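[1] I would like to see how this sequence folds:
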Amino acid sequence: MSGPECCSNPPSLNPSRGCGHVDKVGGVDSYFSGSSHSKLALLMLSDVFGYEAPNLSLLTKLQLLGIMWLFLTSWMVNGAGHVEKLAALDSYLSGSPNSIAILLVSDVFGYEAPNLRNIADKVAAAGYYVVVPDFFYGDPYNPENASRPLSVWLKDHGTDKGSEAAKSIIEALKSKGVTAIGAAGFCWGGKVVVELAKSRLIQADVLLHPAFVSVDDIKGVDIPTAVLGAEIDKMSPPELVKQFEQVLTAKPGQVDCFVKIFPKVSHGWTVRYNPEDAEAVKAAEEAHQDMLNWFAKHLK
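    A predicted model of the protein is given here:
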């Protein structure tokens, strides 16, 4: 808890002070100073008076050490939620525990991806308890590791393993009083979510540019399902997504479905978008809203 000492001797804020510049990073206004080509960076967090305090700009002397540094306006660098163990898995949790939970299953880049955590916070703000587990046990795919290409990495992190771990997460949520669970899967996570849907362990699902999902998989799904596909996608091309739609709409008993192919976007657009690209953000947010609408319709 802050005391009076934290608020004494307040500075005269000056947004034009300093030899650096203000730019957005991760959607947050930030003061940058130093070379953007440096391989070293320092992140500094202000006191309660914020990032425009003039004395903070004096710290640009760090440039002399060849260090690029930035000052964020927000403390919420890693999201509004927190990480704790759930069913022995580190999980990012956002929102207040209640009877309805949403399980978000990441793509191969894992549960720490900033955009994914922002999505989790957005879903939580709609009134859900959101869980984003680390199904890779601290070992997400690293494209810079040439000795371990995706095909090799997948041998250690198959979607079958993710599906089994997800079942434990669902049981843990039920033990906490959750009575309705929806799940959304991004890329790799789409296959995990389909397996949960086939087992009827969830009440509704959303597949966002899913990978490794087949028509036979969709034939085994009989819960309300939304599929959000990209026009430019080799993993789930529009032709395959349309087959998913045909299978879902032909099911007896009128299983509710929603299928949409987003124009001019590529695989991964809903979670790997550039926050500085207005068009990319717009397309991603449209998909996020479709996801929220689907859960609002089918989770009570």
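
[2] in the biggest helix by length in the chain, what counts as buried?
    Counting by DSSP state H, the longest helix found in the chain is helix 278-298. Buried residues in helix 278-298, defined by neighbour count with 16 or more other CB atoms under 10 Å: 280, 283-284, 286-288, 290-292, 294-295, 298. Any C-beta I mention is one placed from the backbone N, CA and C, and that applies to glycine too.

[3] Skip the chain neighbours and tell me the closest residue to Val193.
    Spatial nearest neighbour of Val193, excluding adjacent residues (CB to CB, 6 or more residues apart in numbering): Gly185 at 3.4 Å.

[4] Quick one: residues in contact with the host helix or strand of that neighbour.
    According to DSSP states H and E, Gly185 maps onto strand 180-186. Under the contact criterion CB atoms under 8 Å, 6 or more residues apart in numbering, strand 180-186 has outside partners 99-107, 116, 128, 166, 170, 173-174, 191-194, 196-197, 201-210, 268, 270-271, 291, 294-295, 298-300.

[5] Out of those, which end up buried?
    100-107, 116, 128, 166, 170, 173, 191-194, 196-197, 201-210, 268, 270-271, 291, 294-295, 298-299.

[6] Please flag which of these sit within helices.
    Counting by DSSP H, the part of the buried ones among the contacts of strand 180-186 found in helices is 116, 166, 170, 173, 191-194, 196-197, 291, 294-295, 298.

[7] and which of those residues is nearest Pro133?
    Nearest to Pro133 among these: Ala166, at 7.2 Å, using CB to CB.

[8] Packing partners of the longest helix of the chain?
    When contacts are defined as 3 or more CB pairs under 8 Å, 6 or more residues apart in numbering; DSSP states H and E, helix 278-298 packs onto helix 114-125, strand 180-186, strand 204-208, strand 225-232, strand 257-266.

[9] Tabulate the ones you listed (CSV), appending distance to His157 and mean pLDDT.
    What follows is the helices and strands packed on helix 278-298, written out as CSV (distance: least, CB to CB, whole Å; pLDDT from 0 to 100):
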stretch, distance to His157, mean pLDDT
helix 114-125, 16, 97
strand 180-186, 14, 98
strand 204-208, 19, 98
strand 225-232, 23, 98
strand 257-266, 23, 98
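
[10] out of those, deepest packed?
    Using mean count of other CB atoms under 10 Å, the stretch among those with the largest mean neighbour count is strand 204-208, at a mean of 29.

[11] Would you indicate which residues of the helix or strand following that one are buried?
    Counting by DSSP H and E, the element after strand 204-208 in chain order, helix or strand, is helix 215-219. Of all the residues in helix 215-219, those buried under the rule 16+ other CB under 10 Å are 217-218.

[12] who touches helix 215-219?
    191, 194-195, 198, 225, 240, 243-244, 247-248.

[13] how far out from the middle of the chain is stretch 273-284?
    14 Å (CA atoms, centre = their mean, to the nearest Å).

[14] same thing with stretch 110-130?
    That offset, for stretch 110-130, works out to 6 Å (CA atoms, centre = their mean).

[15] Name all residues that make contact with the residue nearest in space to the middle of the chain.
    Geometric centre of the chain, nearest residue: Leu116, 0.9 Å, by CA atoms, centre = their mean. Taking CB under 8 Å, 6+ apart, we find Leu116 in contact with 104, 106, 132, 186, 271.

[16] what is the mean pLDDT for the helix or strand where Glu84 lies?
    Per DSSP H and E, Glu84 falls inside strand 82-86. Mean pLDDT, computed over strand 82-86, is 96.

[17] other SSEs contacting it?
    Helices and strands touching strand 82-86, by 3+ CB pairs under 8 Å, 6+ apart, are strand 89-94, helix 159-175.

[18] Highest mean neighbour count out of those?
    strand 89-94 (a mean of 21).

[19] So in that sheet, which strands flank that one, and in what orientation?
    Looking at strand 89-94 with DSSP bridges, its partner strands are strand 82-86 (antiparallel), strand 129-133 (antiparallel).

[20] chain center to the first one: distance?
    Relative to its parent chain, strand 82-86 has a centroid offset of 15 Å by CA atoms, centre = their mean.

[21] Dump it to PDB, keeping only the CA atoms.
    C-alpha atoms of strand 82-86 as PDB (Å, rounded to 0.1, in the frame of the first residue of the first chain):
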ATOM      1  CA  HIS A  82      -1.900 -13.800 -12.900                       C
ATOM      2  CA  VAL A  83      -0.100 -17.100 -13.200                       C
ATOM      3  CA  GLU A  84      -0.700 -20.000 -10.800                       C
ATOM      4  CA  LYS A  85      -0.800 -23.800 -10.900                       C
ATOM      5  CA  LEU A  86      -4.000 -25.400 -12.100                       C
END
